[in-house]
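Chemist: got a predicted model here, sequence first, then my questions.
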Amino acid sequence: MAKETPQKISISDTPSSELSSNTPSITGLAALERLLKASADQLRLEILQVLQHDSFGVLELCNLFSIKQSAMSHHLKVLSNADLVTTRREGNAIFYRRALPGSGDNSRFISQLFASIDAEILSTDLQQAIDRAQKTRSELSLQFFSENSERFKAQQDLIVDIADYRDTVDEILDTLIAEPFPHRETKQAIEIGPGDGSYLANLSRRFNHVIALDNAEPMLQQCRKTAEQQGLSKVGFILGDTSTFIQLDSEIAKLSPSTHSGARKADCVVANMVLHHNAKPQNIIDDVAQLLAPNGVFVISELCQHDQDWVRDAAGDVWLGFSEALLDNWTSNSGLVKGPSSYTALRNGFRIQILSYIKKGLPVEAV
């Protein structure tokens, strides 16, 4: 008998008038006029600056800028009408992010506007407010995994099981790692957020050394247990996140600057159903770009964007999946190049995207 999915009832932080807004499409000089008027306000420029690398709900933005919701909603509507911001629904809540410039009449102007905004330094007060908001998101996620390590797999399996995408990840990895590294003596892989360690054996068969990286000690203990049961001797375990890993690499360089050449650089990084659990997934992508060796491969298995808000409580999700365009934009900004991709639809209505990205570098012979 099929188990009924619990539905979480919540109240949106976005006024209904915003949700039902149907602004007529305009082009030419009228569109340019609307764009110029929307950008001729310092607060709206600061909102666009804040939305450079993240999306926020109306109430979050109100807290960041210390203004009333009605005023913030007005500014967001002006920016939305000018195609400078776009929205994504997460359950009953609406989150705003900066629009991708696209290929419209004013795309070049929008790109230049964003570049000018990004060249300005974010104010200290705003940065501190953003840090507080991100800390709150991260603490909620970490609390979930610390309290639910024993039953996480069962909860996660309500949404997606690793068996649904394991073979596809293997296939993409085998395709990508065969060419760049045929003669390299040591091949290292990192799995970010390995869960209970279900994919470590697959990586161990393909790489000489595998590192399991997780910021929740109870989850890492589950991972160690799996590795011991499967006799995986080539796996190391690190408690922390991707920024921790970069700091470790820096410390190694300080201890041995003459011989250090990126001892922890990875030929492959895998993130299976990880990014939607993190407050700032784009920061993880930036870190991965630093961790990868030239021609290294980054494989992301993720949920496609959805509206099943109950997964927040059931599986500790922070994001309700991602659009491929958003992931492509983040990885491109980090200097990674798109590789093969695959997509799978599940019977429970969720869809999986397995995406790969490559850190283009020197030819293998020159590395």
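Modeler: Right, received. Where do you want to start? Numbers count the residues shown, from 1 in each chain.

Chemist: what residue is smack in the middle of this protein?
Modeler: residue 281 (2.8 Å; C-alpha atoms, centre = their mean).

Chemist: relative to residue 357, how far out is that residue?
Modeler: The span separating residue 281 from residue 357 equals 13 Å under the rule C-beta to C-beta, to the nearest Å. Any C-beta I mention is one placed from the backbone N, CA and C, and that applies to glycine too.

Chemist: what's the answer for residue 288, then?
Modeler: 9 Å.

Chemist: residue 283 belongs to a strand?
Modeler: No: according to DSSP: H, G, I helix; E, B strand; the rest coil, the state of residue 283 is helix, so it is not within a strand.

Chemist: what about it, how many neighbours?
Modeler: Neighbourhood size, residue 283 [other C-beta atoms under 10 Å]: 18.

Chemist: and the nearest residue to the residue nearest to the centre of the chain once chain neighbours are set aside, what's its pLDDT?
Modeler: In space, and not counting its chain neighbours, residue 281 is closest to residue 275: 3.9 Å by C-beta to C-beta, 6 or more residues apart in numbering. The model reports residue 275 with a pLDDT of 94.

Chemist: tell me the contacts of residue 275?
Modeler: 281, 284-285, 300, 302, 319, 322, 327 (C-beta atoms under 8 Å, 6 or more residues apart in numbering).

Chemist: list the neighbouring strands of the longest strand seen in the chain plus their orientation.
Modeler: Counting residues, the longest strand found in the chain (DSSP state E) is strand 292-303. Each strand paired with strand 292-303, and its direction, by DSSP bridges: strand 266-272 (parallel), strand 351-358 (antiparallel).

Chemist: CA atoms only for that strand, dumped as PDB, please.
Modeler: The C-alpha coordinates for strand 292-303 follow below in PDB (Å, rounded to 0.1, in the frame of the first residue of the first chain):
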ATOM      1  CA  LEU A 292      40.000  20.200  -8.600                       C
ATOM      2  CA  ALA A 293      43.200  19.500 -10.400                       C
ATOM      3  CA  PRO A 294      43.500  20.700 -14.000                       C
ATOM      4  CA  ASN A 295      41.100  18.600 -16.200                       C
ATOM      5  CA  GLY A 296      39.400  17.500 -13.000                       C
ATOM      6  CA  VAL A 297      35.800  16.400 -13.000                       C
ATOM      7  CA  PHE A 298      32.900  17.600 -10.900                       C
ATOM      8  CA  VAL A 299      29.700  15.400 -10.900                       C
ATOM      9  CA  ILE A 300      26.500  16.700  -9.400                       C
ATOM     10  CA  SER A 301      23.500  14.500  -8.800                       C
ATOM     11  CA  GLU A 302      20.600  16.800  -7.900                       C
ATOM     12  CA  LEU A 303      16.800  17.000  -7.700                       C
END
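
Chemist: so for it, what gets flagged as buried?
Modeler: Neighbour counts using 16 or more other C-beta atoms under 10 Å place 292-303 of strand 292-303 among the buried residues.

Chemist: can you check stretch 203-220 too?
Modeler: So stretch 203-220, judged by 16+ other C-beta under 10 Å, has buried residues 203-204, 206-207, 209-216, 219-220.

Chemist: okay, how far is it across that stretch, tip to tip?
Modeler: With C-alpha to C-alpha, to the nearest Å as the measure, stretch 203-220 spans 17 Å from end to end.

Chemist: what about residue 341, which SS state?
Modeler: strand.

Chemist: just confirm it contacts residue 355, I think it does.
Modeler: Yes: between residue 341 and residue 355 a contact is recorded at 4.9 Å, counting by C-beta atoms under 8 Å.

Chemist: who has more neighbours, the two?
Modeler: Using other C-beta under 10 Å, the more surrounded residue of residue 341 and residue 355 is residue 355, with 21 against 16.

Chemist: and the more buried one, what pLDDT?
Modeler: For residue 355, pLDDT reads 95.

Chemist: circling back to that earlier point, dump the strands paired with strand 292-303 into a markdown table; add distance to residue 229 as well.
Modeler: Listed next are the strands paired with strand 292-303 as a markdown table, based on distance: least, C-beta to C-beta, whole Å:
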| stretch | distance to residue 229 |
| --- | --- |
| strand 266-272 | 19 |
| strand 351-358 | 26 |
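
Chemist: tell me which of those is the most buried.
Modeler: Most buried of these, by mean neighbour count (mean count of other C-beta atoms under 10 Å): strand 266-272, with a mean of 25.

Chemist: what's that strand in contact with?
Modeler: 162, 165, 169, 173, 177, 180-181, 184, 187-195, 199, 203, 206-207, 211, 284, 288, 291-293, 295-302.

Chemist: off-centre distance for it?
Modeler: 14 Å (C-alpha atoms, centre = their mean, to the nearest Å).

Chemist: go on, stretch 306-315?
Modeler: 17 Å.

Chemist: stretch 305-324 now?
Modeler: Worked out by C-alpha atoms, centre = their mean, stretch 305-324 lies 12 Å from the chain centre.

Chemist: do stretch 279-295 as well
Modeler: 10 Å.

Chemist: tell me the mean pLDDT over it?
Modeler: Mean predicted confidence for stretch 279-295 is 93.

Chemist: cool, and stretch 317-326?
Modeler: The predicted model assigns stretch 317-326 a mean pLDDT of 87.

Chemist: for residue 189, see how far away residue 297 is.
Modeler: 9 Å.

Chemist: ok, residue 39 next?
Modeler: Residue 39 is 45 Å from residue 189, by C-beta to C-beta.

Chemist: of those two, which one has the most company?
Modeler: residue 189 (27 against 19).

Chemist: out of the helices and strands in the chain, which is least certain?
Modeler: helix 16-19 (a mean of 42; mean pLDDT, DSSP states H and E).
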